[in-house]
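>>> Just a sequence and a predicted model for now, questions to come.
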Amino acid sequence: MAGVAVADTPEALDAFRDAGCAAAIWRRRPDPTFQSWIDTLAPDRLPRGRVILPRDAVEAAMRQLCQIAGTPDGPGRDRLVGDTTALASIFAELMRVRYLRLRLDIVTTNACRKFHVDAITARLVCTYRGTGTQYGVSSGGADPSRVFTVPTGAPILLRGKLWPASPPSGLLHRSPLIDGRGETRLVLVLDPVFDPEEEA
């Protein structure tokens, strides 16, 4: 799709800064063992939280969130902590910031069900469990006629309304419609923080 870069390595996500690129997806191979672990974990054992923190404090924060939730210790938890930490480092480097807003949400409803563009500079979203973020190109403000779904475990980087010198691309996104399906999603959201004092 025009305006959406697909990367096979984290280094290739640099395309996100190119003119005309509204989003970038890191197409990575899922780990079946990890996916089975997180998909079968009791929802009340999934970590959740919202915090603004330095990029080098993400690992400690994730371990604390897992501890609070009672997420079982072991390879699966280590993989989740390690991956969120790595994504935070990649995104902070790409956005050239020292601080991030980290959000780890457990979603069981049609949250953010309307297609939209976020009122921020940029955002990284990675769905670790459940259906991934959906996106498409709008024509004349209408909902996209073709809707694509980001694979579970694949991070997507999205430009927001505040991206500098960026004409509207028409690319919109939303959370998938899961009401009535008994689905539980675990979604990581990272936003750049340029001035931590303003965010306090």
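Good, I have the coordinates. Numbers count the residues shown, from 1 in each chain.
>>> ok, the residue nearest the centre of the chain to A119 distance?
Note on the chain: the residue nearest the mean C-alpha position is V125, at 1.1 Å, using CA atoms, centre = their mean. Applying CB to CB, to the nearest Å, the value for V125 to A119 is 15 Å. Heads up, the C-betas are built off the backbone N, CA and C, glycines and all.
>>> for S89, same thing?
Counting by CB to CB, the gap from S89 to A119 is 25 Å.
>>> Tell me which of the two has more neighbours.
Shown here are S89 and A119; by other CB atoms under 10 Å, S89 has more neighbours (16 against 8).
>>> Please look at that one and R55 and confirm they touch.
Yes. The criterion here is CB atoms under 8 Å, and S89 meets it with R55 at 6.2 Å.
>>> ok, D73 - how many residues close by?
Neighbourhood size, D73 [other CB under 10 Å]: 11.
>>> What's the separation between it and R101?
For D73, the distance to R101 - CB to CB - is 27 Å.
>>> what does V107 give?
On the measure of CB to CB, V107 and R101 end up 17 Å apart.
>>> and the two? which has more neighbours close in?
V107 (20 against 17).
>>> Was I right to think that one contacts L188?
No. Using CB under 8 Å, V107 is not in contact with L188; the gap is 11.5 Å.
>>> Mind checking what secondary structure the spatially most distant residue from the centre of the chain has?
Here the chain reaches farthest from its C-alpha mean at G140, the gap being 26.6 Å by CA atoms, centre = their mean. Here G140 is recorded as coil under DSSP: H, G, I helix; E, B strand; the rest coil.
>>> Quickly note the distance from it to G170.
9 Å.
>>> just D8 next, same as before
25 Å.
>>> Those two: which has the busier surroundings?
Taking other CB under 10 Å, D8 and G170 do not tie; G170 has more neighbours (16 against 10).
>>> which residues touch the more buried one?
Contact analysis of G170 by CB atoms under 8 Å, 6 or more residues apart in numbering lists 3, 137-139.
>>> Over to I38?
With CB under 8 Å, 6+ apart, I38 has these contacts: 46, 76, 80, 128-129, 186.
>>> And the pLDDT at it?
Here, the pLDDT recorded for I38 equals 98.
>>> Centre of the chain to the helix or strand that contains it, how far?
I38 belongs to helix 32-40 when assigned by DSSP states H and E. Centroid displacement of helix 32-40 relative to its chain, using CA atoms, centre = their mean, to the nearest Å, is 18 Å.
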